[in-house]
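>>> got a sequence here, can you build the structure:
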Amino acid sequence: MAKVDQITDSAQEVQAETRIVMLIDDEPAQSRLISAIAAREGWRTVVASDAETAIAMLGTREGMQLSAILLDQWVPGDDACSLIAELKERRPALPILMLTTSASPLLAVEAMRAGASDYLVKPVSPDRLMDALRSVTTRETPRDELAPLTEKMSATLDFDAMIGTAPTFRTALAQAAKAARGHGHSLIIGESGTGKEMLMRAMHAASPRSKDSLRIVNVASVPPNSIESVLFGHEPNAFPGAFDRQIGALQHCDGGTLVLDEVDRLSIAVQQRLAEALETKIIRPVGATHGFRVDVRILSASNADLGELVAGGVFEAQLAKQLSGTRISLPPLRERTGDISALTRHFLQRIGEQPGLTQLTISDTALALLAAFEWPGNVRQLQSVLFRAAVYCEGDTLTADSFPQLSEMLGEMDAAGSNSHLHEGVGVMLYTEDGNLRPLEEIEADVIRLAIGHYRGRMTEVARRLGIGRSTLYRKLSDLGIDNAA
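Okay, here's the model as predicted:
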C-alpha cells in the first residue's frame, strides 16, 4: 500500500472542530499549495497519492472524520469517474470535488453522474476552491444543485445573447451598446453572477477595437503580490523568481481592450500606479528604467459601488473617475423575475448542445419554482442549477421534482393556494432576442401553458379564465402541441 502523507496545521493535535479534507494527488507542490489554502479557513488536509491509498483511508479513524474529498483527475486518469463512483458507494454522503485541466462538458457530465458534487478547472483560484468547499459542506447552502458549473460552457460574445426584457436590464444593455462604439473606459456594477464579464466581452466584440487584443484579468484570482507584474509586466531579476521578462496585460492590450474583473480588489498602491498610467498613457514594467506608451481601453467590473469605496477611503478617487467614463448597473435576477422563463429556455437549449446531454423542455410548475427563488448567485446560478438538473434528468422534461433543493428551501406547496405566488414573475415573452414581436401562435401557447400551471391543470377553470369553451381549449392544445400535464 502506498504511503499516506498527512499535512496538518499542528503536528499531532487537531481541534475537534477542525474539518478534514482528503486530497487525492500525486504532485507534492500542488498538495502543499492546496493544503495551505485550505488551512487559512481551518481545514486540515490529508493527502493520498493514489486511488488504493484513498480507498484504504476511508476505513481509518481519520477517514471516518472526513468532510470532503478533492480528487485530481490525473491520479486515476481515465478511471477518475470509476474512482468517484467507488468512493460514493463506500461513503454516499461525502461530497467529492474533481480537479482537472480539462474544460470538457462531457467530462463534467460524466463526473457528476458518477457522484461528483463539483468540477473545478485548473488553475483554480483560492477563492473558487474555498467557495466550492463551503458550498458542499455547509448545511445552510443547498448541496450539489447550486454548485457553480458555468465554467464548462463557453460564453457567447454578442449582445443578442443577453436575454431579458426588464426595463432596468434593457437600459443597461442600451448604455453598453452605445459605450461600445466609443473608445472610453467603462465600469460595470452588479452583484456576482449578473453577467458583467459577458457584457464586457460583448462590448469589446461590438467596439472599433474588436479585431485587436482582448485580455481578461480577474483581480481576485491573482495573488496580491503578483497583480502589479500581471498588469505592468516585469524585467528579469526585478524580484526573486523573476527569471525572464514578462509583458504585462496593459502592454499586451495596446490598441485593444483590457477587462479588469473585480477591480475593487486592487490594492491602493496598484490603484495609484494604474491611475498614473491611465493619465500619462505610459506604463513602466516592474524593475524597468524605461516606459512604453500604450493606447488601451479598460472595461472594469465591480460588485461594489466604487463611489462608496472612495468615500470609505479604500479606493483611489482618481482611478474611480477614470474608469467610470460610462457607468452601467446590471440588476440582480430577483429584480427581473419576468426574464426567468426566457433565460431558462435559452440555457436549456445551450445545455442540450453539450456533449453527453440532450435537448429538454421544462414544465410550468418547474418554471414557477425557479421564479419563486431569489437567486443570490443570479443568472450564473440559474444556469448552474439547470445544468445539474439536466445531467440527472432521465426523461425529456424538467419538472419541479428536478429541483429538490429549491423545493426544500421554498417549503412545501400546500394544495390550496401556494401555487399562486409561485407564478408571479413567470411572464410571457412578447419579443424575440432581436427585439421583434414573437409569432401570435407562440405567445398564445405560452399563455395557455401558464394558465394550466397556474390553475394546477383544472381545465374547466383554465377555459373559464381564458374566456373560451372547454372544447375550444382542447382543440387549441392539440393544434399547438401542448401537453396539459404539468
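
>>> and the helix or strand harbouring Ile443, what's buried?
Ile443 is part of helix 440-454, with elements assigned from DSSP states H and E. Neighbour counts over helix 440-454 (16 or more other C-beta atoms under 10 Å) mark 444-446, 448-454 as buried. (Glycine included, C-beta is placed from N, CA and C.)

>>> export the residues you listed as TSV, with columns for pLDDT.
Formatted as TSV, those follow (pLDDT from 0 to 100):
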residue	pLDDT
Glu444	85
Ala445	82
Asp446	79
Ile448	83
Arg449	77
Leu450	75
Ala451	76
Ile452	75
Gly453	64
His454	66
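
>>> check which helices and strands the next helix or strand along the chain from the helix holding Ile443 sits against.
Moving toward the C-terminus from helix 440-454, the first helix or strand encountered (DSSP H and E) is helix 459-466. Packing partners of helix 459-466 (3 or more C-beta pairs under 8 Å, 6 or more residues apart in numbering; DSSP states H and E): helix 440-454, helix 470-480.

>>> contact partners of helix 459-466?
With C-beta atoms under 8 Å, 6 or more residues apart in numbering as the test, helix 459-466 has contacts from 447-448, 451-452, 455, 469-470, 472-474, 484.

>>> again with stretch 24-40
With contact meaning C-beta under 8 Å, 6+ apart, stretch 24-40 is reached by 5, 7, 9, 21, 23, 44-45, 47-51, 54, 69-72, 74-76, 83, 99, 126, 129-130, 133.

>>> quick one: Phe387 from Ala85, how far?
As for Phe387, its distance to Ala85 is 20 Å (criterion: C-beta to C-beta, to the nearest Å).

>>> for Pro355, that is, sorry about that
From Pro355 over to Ala85 the distance is 20 Å, taken as C-beta to C-beta.

>>> next one: Leu386
As judged by C-beta to C-beta, Leu386 and Ala85 stand 24 Å apart.

>>> about what we covered before: Phe387 and Ala85 - which one has more neighbours?
Phe387 (26 against 17; other C-beta atoms under 10 Å).

>>> please report how far that one lies from Ala372.
Separation of Phe387 from Ala372 (C-beta to C-beta): 20 Å.

>>> again, but for Arg380
19 Å.

>>> same drill for the two, tell me which one is more crowded.
Under the neighbour definition other C-beta under 10 Å, Arg380 and Ala372 were set side by side, and Ala372 has more, 23 against 20.

>>> tell me which of the contacts of stretch 24-40 fall in strands.
Among the contacts of stretch 24-40, the members found in strands (DSSP state E) are 5, 7, 21, 23, 44-45, 47-48, 69-72, 99.

>>> which of these has the weakest pLDDT?
Here the lowest pLDDT out of the ones in strands among the contacts of stretch 24-40 sits on Ile7, with 36.

>>> confirm for me that Met130 is in contact with Gly42.
No - under the criterion of C-beta atoms under 8 Å, Met130 makes no contact with Gly42, lying 10.6 Å away.

>>> so between those two, which is more surrounded?
Taking other C-beta under 10 Å, Met130 and Gly42 do not tie; Met130 has more neighbours (16 against 11).

>>> the closest residue to the more buried one other than its chain neighbours - how many residues pack around it?
Spatial nearest neighbour of Met130, chain neighbours left out: Glu41 (5.7 Å); criterion: C-beta to C-beta, 6 or more residues apart in numbering. Neighbours of Glu41 under the rule other C-beta under 10 Å: 12.

>>> and Glu41, how close does it get to Thr18?
In terms of C-beta to C-beta, Glu41 sits 10 Å off from Thr18.

>>> what is in contact with the two at once?
Residues touching both Glu41 and Thr18 (C-beta under 8 Å, 6+ apart): none.

>>> for Met327, grab the count of nearby residues.
Heads up, residue 327 is Arg, not Met. The number of residues packed around Arg327, counting by other C-beta under 10 Å, is 16.

>>> SS state for the residue lying closest to Pro126 once chain neighbours are set aside?
The shortest distance from Pro126 to any non-neighbouring residue, by C-beta to C-beta, 6+ apart, is to Ile37 (4.7 Å). Following DSSP: H, G, I helix; E, B strand; the rest coil, the label given to Ile37 is helix.

>>> which phi and psi values does Asp305 adopt?
For Asp305, the backbone dihedrals (degrees, to the nearest 10) come out as phi -70, psi 120.

>>> surely it is in contact with Glu191?
No - using C-beta under 8 Å, Asp305 is not in contact with Glu191; the gap is 11.4 Å.

>>> which strand residues bridge the nearest residue to Leu70 once chain neighbours are set aside?
Residue nearest to Leu70 in three dimensions, not counting chain neighbours: Leu23, with 4.7 Å by C-beta to C-beta, 6+ apart. Bridge pairing for Leu23 (DSSP bridges) gives the partners Val47, Leu70.
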